[in-house]
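Enquirer: Provided below for reference: sequence and predicted model.
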Amino acid sequence: MSEASPPPNPRQPSPDAPPGNRPQDGAVHESTSRALVRVSQPDLLRHAQLEKSRGRLLFAACGFAVLFGAVAVKLSLATVFDPAEPKRAAILSRPPAPPVETPVSRAAVTDRNGEVLAVSLPLTALYAKPRQIDDPTEAADKLRRVLPQLDRERLIARLTGERQFAYVTRALTPREMQAVNNLGIPGVYFEDSERRFFPQGRTAAHIIGGVDVDGNGIAGVEKYFDERLRTLRRETLRVSLDIRIQLALRDAVQHAITDFNGIGGAGVVMDVDTGEVLAMVSLPDYDANDVGAATTDERFNRVTVGVYEPGSTFKLLTAAMALDLGVVQTWSGYDASRPIRIGRHEINDYRGKNRWLALPEIIAYSSNLASAHMAAAVGPARHREFMQRMGMTSRLRIEIPETAQPLVPGQKTWRELNTMTIGFGHGISVTPLHVATAGATLVNGGILRQPTILAQPPSVEREGARVIDPRTSENLRRLMRLVVTDGSGKGAEVPGYFVGGKTGTAQKTGPRGGYLENKRIAAFIGAFPMQAPRYSIYVMVDEPKPNARSHGFATAGWVAAPAANMVISRIAPILGMLPEPATPEIQRAIAMPMNGRGVPGAAPQPATPAANRPPTRQTSESPPRVAVTQREAALAPR
């Protein structure tokens, strides 16, 4: 009998069952469907936004990567493969390109330091062809809307008629040009033009001069160098003026004119060794940019055209002449106690000492009587020859067309009376520039050089003519210093600069001859420093009137000497000169006792008169002097 099979174990899998824990296919599908999760709509939107943001971030990251990559490539090229520094250095080492220059018809004029005195500026001019204008009145009214400065009646007249050409205005600004162009007036045209401009205005107007509407020089440097300024348009004309010194001189002369109520004045500063004019002032003056508005008196150049009796400044020439010819020595002199009467003429001293005067006293106290005696001792013939040698009888050769011929007696009419009056600065009329040039000659060793307005090369010596002996020049320097320390020129003293000079007051002559009452010229001629003169100075005031500070006087000592002081005080530092202490060496070089004795180098050594020396000789050797005449010996102090 067969055994019965045991019942199946529920824990044992069936042979047909799948592996453990693995559901059947149907079970899988059922399990998956049960595992699905329902996603809400907001979650779906949030998921979409995240995906979009992720895309944008990826795009931005790629952009920044490209940008930084480009920067890295550029830096690599600039620093490793193709460095920029050598190129920059090469560019910096290249000479700068020349500036673009607008062509002009005249060269510029500058002072010795390059300050512009005259320059041509390109402009636009407006002109009309009247034949092409149908209604001149309407055209004129339109033009005056944008150019109100034009005179209506004159403008209508210019636009009327059968003329082919008529200027409306010579200078238009760019804005005015555009405004006229917008009007669209037939028959009105533009053309390129230029205008001469003077940046310094009134300063140096008489020297620089001016041009007419067509650019032609009509006065001063502009006229004298007209051809040169036209042909050498790219080469600047450099003159000897220093605009700083010019301004200082003008201020001082104007101050003196104002203080003493004068009608005008003049001033000159010169280099005594080269003859260069560093400053030249004539007042009243005018604006060089508006010469048409200047009066005749303003255009008158008192320095080169005005001729005046020089007064006592000429006593320096008389002393130089007498010393150089051996007629007088520093210790000899003349009687000044009695007036000189020649016919109906009488010569007197102004507040004289009424006694015998030695030569230093004659100059310091400005004695007319002694100066007349001294000139008479020389004689008319030699006196006239000396004046000719000093250039006092001829026109000066300076580079300005406006110059005057001195008024001197003729050779046949030059008598003893003329010699005596010219000896103290009357009876002859010269320009202030003549006196300034003579002053430079007396202190520079005795060499006359014509004044020049052109800047000179610093290392080139200008040609000149020896007119007095160097020892005579040395004595003149001592005499001029004495005038400032003990004479009428005390107002010109500037401590540390050892100024020397001579005052001069002369009455003015009328148009019909004769002297005018209370009308005078007050002048000062000087130089500094006297131990080694470098610059001469001349200051003049025309018709000064007394004021309260001058105690009723209007003489040169009160008027011109203080003005010279003001000039020297201002210009000496500009010229690079520092005040010096009064050392014993300087004192010995410029000292002159009132009696004229004890002066180094003034011993009575014979000398050949300067008249017998060739005028062009410039040697410093001193010929022997002629002995003092018996007449002079009798006049010496006992």
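Expert: Nice, I can see it. Numbering: from 1, shown residues only.
Enquirer: pLDDT below threshold where in the stretch 101-250 of the chain?
Expert: Within the stretch 101-250 of the chain, the stretches with pLDDT under 70 are 101-103.
Enquirer: Can you show me the helices along it?
Expert: 136-146, 152-159, 174-183, 205-208, 220-224, 226-231, 243-259 (DSSP state H, counting those that start in this stretch).
Enquirer: Can you give the strand pairings for the host helix or strand of N518, parallel or anti for each?
Expert: Per DSSP states H and E: N518 is located in strand 515-528. For strand 515-528, the pairing partners within the sheet under DSSP bridges are strand 500-509 (antiparallel), strand 535-542 (antiparallel).
Enquirer: most packed of the ones you listed?
Expert: Comparing those by mean neighbour count (mean count of other C-beta atoms under 10 Å), strand 535-542 comes out on top with a mean of 29. The way it works is simple: take the backbone N, C-alpha and C, and place the C-beta from them, glycine included.
Enquirer: just the CA coordinates of that strand, formatted as PDB?
Expert: Output of strand 535-542 as PDB, limited to C-alpha atoms (Å, rounded to 0.1, in the frame of the first residue of the first chain):
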ATOM      1  CA  TYR A 535      72.800 150.900 -18.500                       C
ATOM      2  CA  SER A 536      72.100 154.500 -19.200                       C
ATOM      3  CA  ILE A 537      68.700 156.200 -18.400                       C
ATOM      4  CA  TYR A 538      67.000 159.300 -19.500                       C
ATOM      5  CA  VAL A 539      63.800 160.700 -18.000                       C
ATOM      6  CA  MET A 540      62.100 164.000 -19.100                       C
ATOM      7  CA  VAL A 541      58.900 165.700 -18.200                       C
ATOM      8  CA  ASP A 542      57.400 168.400 -20.500                       C
END
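Enquirer: gap between it and the chain center?
Expert: 18 Å (C-alpha atoms, centre = their mean, to the nearest Å).
Enquirer: One more: stretch 357-365?
Expert: The answer for stretch 357-365 is 39 Å, by C-alpha atoms, centre = their mean.
Enquirer: One more: stretch 308-316?
Expert: Using C-alpha atoms, centre = their mean, the mean C-alpha position of stretch 308-316 is found 29 Å from that of the whole chain.
Enquirer: now do stretch 538-551
Expert: 27 Å.
Enquirer: Next: stretch 506-513.
Expert: So, by C-alpha atoms, centre = their mean, the centroid of stretch 506-513 is 34 Å from its chain's centroid.
Enquirer: ok, and what's touching that stretch?
Expert: 308-312, 425-426, 429, 515-516, 519-521, 523, 543 (C-beta atoms under 8 Å, 6 or more residues apart in numbering).
Enquirer: Identify whichever of the strands paired with strand 515-528 lies nearest to T555.
Expert: With C-beta to C-beta as the criterion, T555 lies closest to strand 500-509 of the strands paired with strand 515-528, at 4.5 Å.
Enquirer: pLDDT averaged over that closest one - what is it?
Expert: Averaging pLDDT along strand 500-509 gives 94.
Enquirer: Kindly reformat the strands paired with strand 515-528 as JSON lines containing distance to Q587.
Expert: Shown next, in JSON lines, are the strands paired with strand 515-528 (distance: least, C-beta to C-beta, whole Å):
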{"stretch": "strand 500-509", "distance to Q587": "13"}
{"stretch": "strand 535-542", "distance to Q587": "21"}
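Enquirer: so where's this protein uncertain?
Expert: Using pLDDT under 70, the flagged stretches of the chain are 1-37, 39, 81-103, 598-638.
Enquirer: what does the domain assignment say about it?
Expert: Using automatic domain parsing, the domain parsing of the chain gives 123-144+152-197, 253-635.
Enquirer: what's the most buried one of these?
Expert: domain 253-635 (a mean of 20).
Enquirer: Which other helices and strands does the strand or helix carrying V559 contact?
Expert: Per DSSP H and E: V559 is located in helix 556-574. Under the contact criterion of 3 or more C-beta pairs under 8 Å, 6 or more residues apart in numbering; DSSP states H and E, helix 556-574 touches helix 243-259, strand 264-271, strand 500-509, strand 515-528, strand 535-542.
Enquirer: Include distance to I574 when you put those into JSON lines, please.
Expert: Shown next, in JSON lines, are the helices and strands packed on helix 556-574 (distance: least, C-beta to C-beta, whole Å):
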{"stretch": "helix 243-259", "distance to I574": "5"}
{"stretch": "strand 264-271", "distance to I574": "11"}
{"stretch": "strand 500-509", "distance to I574": "20"}
{"stretch": "strand 515-528", "distance to I574": "13"}
{"stretch": "strand 535-542", "distance to I574": "11"}
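Enquirer: nearest to I185, of these?
Expert: helix 243-259 (44.0 Å).
Enquirer: tilt between that closest one and strand 515-528?
Expert: Computed by axes from the mean of the first three to the mean of the last three C-alpha atoms, to 10 degrees, the angle separating helix 243-259 from strand 515-528 equals 150 degrees.
Enquirer: Show me what helix 243-259 packs onto, helices and strands only.
Expert: So helix 243-259, by 3+ C-beta pairs under 8 Å, 6+ apart, packs with strand 264-271, strand 277-283, strand 535-542, helix 556-574.
Enquirer: Distance to A377 for those - can I get that in TSV?
Expert: Listed next are the helices and strands packed on helix 243-259 as TSV, based on distance: least, C-beta to C-beta, whole Å:
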stretch	distance to A377
strand 264-271	31
strand 277-283	35
strand 535-542	28
helix 556-574	26
